[in-house]
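>>> here's a sequence, model it:
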Amino acid sequence: MAARMFSRGVTSLIILSALASPSFAGGLERGGYNIDQLFDTSPFSFQSGILYVSPQRKLKDARDTQPSASTGGGNLNNRSSTADETTNYTIPYFGFKAGFADAVDCLVDYSEPFGGHSNPGLNWAGANNNIETEIKTRNYGGTCSYRFDVGPGQLRFIGGAFYQEVEGFKERLVSTAPIAFGTGNGIGRLDLEDNSWGWRAGLAYEIPEYAMRASLVYNSRVKYDNLTGTVDLTQVTGPGAPLNAAPYGRVTPVFGSAEAPDSLELKLQSGIAPDWLAFGSVKWTNWSVLQSVPFCPTSTKGVIACTSGGDTELTSLDLLYRDGWTITGGVGHKFNDQWAGAVSLTWDRGTSQGYGAQTDSWTLGVGAAFTPTEHIEWRVAGAVGVLTSGSSGVVTQNGVTFGDDVSYSFGNDLVAALSTSLKVKF
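So this is what the prediction gives:
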């Protein structure tokens, strides 16, 4: 009897743990991959949600370290040494889950797992490195599982595939000479896009009587082998060399290649007392696959390899990430038949290695679930965290120097988030 009462008391907490703390992982993490809806116990469910994030990363002590470069923006040390790097953003999610024959569950969903947006602007000393950069992804997934009895619980095999689209741009100040000659604003822009496929596989073991579940899920890399776009330097032109010759003053089609990272995540949860649930997770993300992404003129494709620092490289998207680790732990409690809550603490290891501002973060999250009827569940969660301090400067990798155009530092900055979702079960 106690076991059955315990099972009823924690049913609504099984999925809530995923909403207790929105992630602020390093790299280009946004919504990440989340298939928790696959474990919903109802035969059918539709879920829609949105996450709003407000990071407050502020750059300071910025210094132009290439003040004499004719195509490096010129001397920008008379501009502001501070800048607000980050912008607020939202992430939507939609998912539909269906169960068949008490053994098969399938989930189709839309998410935006990766992305990033920095916008320090034109009027800071590092405009020769970055004015604005934005990367967006759209992910359309299908995942199924098959479960069967093993011992006191059920073993579940998980598999699926997803189609992913990426697009983005970067703007930076290439030269101040056009401004002086009245022939342009000196800003260069890179636009890029591609699409590709990925897959996932995993295992889970569940003992519903104790609200116990352990899952291990691997998400593959997504290989963007056909990144295409343009480098627009129509605003960078002038009467003297080198601004009066290609590629300046024109739009150049370019190509490149990159990979969205693979990841492996272990999630654990278990009832610890009637109406109480403990949960945790450990996730590794292979952000080190994203180093410097070179872009070369399409006219050189198939003739000369497009490599970082190579002779045909026209521009690059420099990230220089290391692998990310995310560790979360928390506890949930059901207060009554309608209300449940959870609290969690998350640590994300920063992915920057002396270049960029992706440092460690610590996040405290709280979430609540309201179930007015057996068919409707509304959830809301919030989080507040600290983005730890650091600095960015010169880094040499494989004989290529990065970060020699600007240096800056940053302190401990705040980040906050709110998320909400509505689930209909039938």
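
>>> C-alpha only now, for contacts and for neighbours.
OK.

>>> ok, residue 225 - how many residues close by?
14 (other CA atoms under 10 Å).

>>> so residue 253: helix, strand or coil?
strand (DSSP: H, G, I helix; E, B strand; the rest coil).

>>> which ones are touching it?
228, 229, 230, 231, 297, 298 (CA atoms under 8 Å, 6 or more residues apart in numbering).

>>> and the fifth one, how many residues sit next to it?
The tally of other residues near residue 297 (other CA under 10 Å) stands at 21.

>>> thought it was touching residue 312?
Yes. Counting by CA atoms under 8 Å, residue 297 does reach residue 312; the two are 7.2 Å apart.

>>> how are the strands of the stretch 151-300 of the chain distributed by residue range?
Remark: strands assigned in the stretch 151-300 of the chain by DSSP state E, counting those that start in this stretch are 153-173, 187-207, 212-219, 222-232, 251-260, 263-273, 276-285, 292-297.

>>> what comes up buried for the fifth one?
This means strand 251-260. For strand 251-260, burial by neighbour count (16 or more other CA atoms under 10 Å) applies to 251, 252, 253, 254, 255, 256, 257, 258, 259, 260.

>>> who's the fifth one bridged to?
Read that as residue 255. On the basis of DSSP bridges, residue 255 is bridged to residue 228, residue 296.

>>> was I right about it contacting residue 295?
Yes. Taking CA under 8 Å as the definition, residue 255 is a contact partner of residue 295 at 5.4 Å.

>>> poorly predicted segments of the stretch 1-150 of the chain, please.
1-25, 69-72 (pLDDT under 70).

>>> which stretches of it form helices?
Taking DSSP state H, counting those that start in this stretch as the test, the helices found in the stretch 1-150 of the chain are 2-10, 13-16.

>>> middle-most residue in the protein, spatially?
residue 29 (1.5 Å; CA atoms, centre = their mean).

>>> which ones are touching that residue?
23, 113, 114, 115, 116.

>>> again, only this time at 7 Å
Contact analysis of residue 29 by CA atoms under 7 Å, 6 or more residues apart in numbering lists 113, 114, 115.

>>> I figured the second one was touching residue 138, is that so?
What it means is residue 114. No. Counting by CA atoms under 7 Å, residue 114 sits too far from residue 138 to count as a contact (8.2 Å).

>>> roughly how far does the residue found closest to residue 235 once you drop the neighbours it is linked to in the chain sit from residue 190?
Distances taken as CA to CA, 6 or more residues apart in numbering place residue 184 nearest to residue 235, at 4.4 Å, with adjacent residues excluded. To residue 190, residue 184 is 17 Å away according to CA to CA, to the nearest Å.

>>> go on, residue 213?
45 Å.

>>> could you do residue 139 as well?
23 Å.

>>> what about residue 397, neighbour count?
10.

>>> equivalent analysis for residue 405, please.
The burial count for residue 405: 20, using other CA under 10 Å.

>>> again with residue 375
12.

>>> and for residue 134?
Count around residue 134 with other CA under 10 Å applied: 15.

>>> how about residue 90?
Residue 90, neighbours per other CA under 10 Å, totals 15.

>>> for it, which non-adjacent residue is spatially closest?
Using CA to CA, 6+ apart, the closest residue to residue 90 is residue 52 (4.4 Å).
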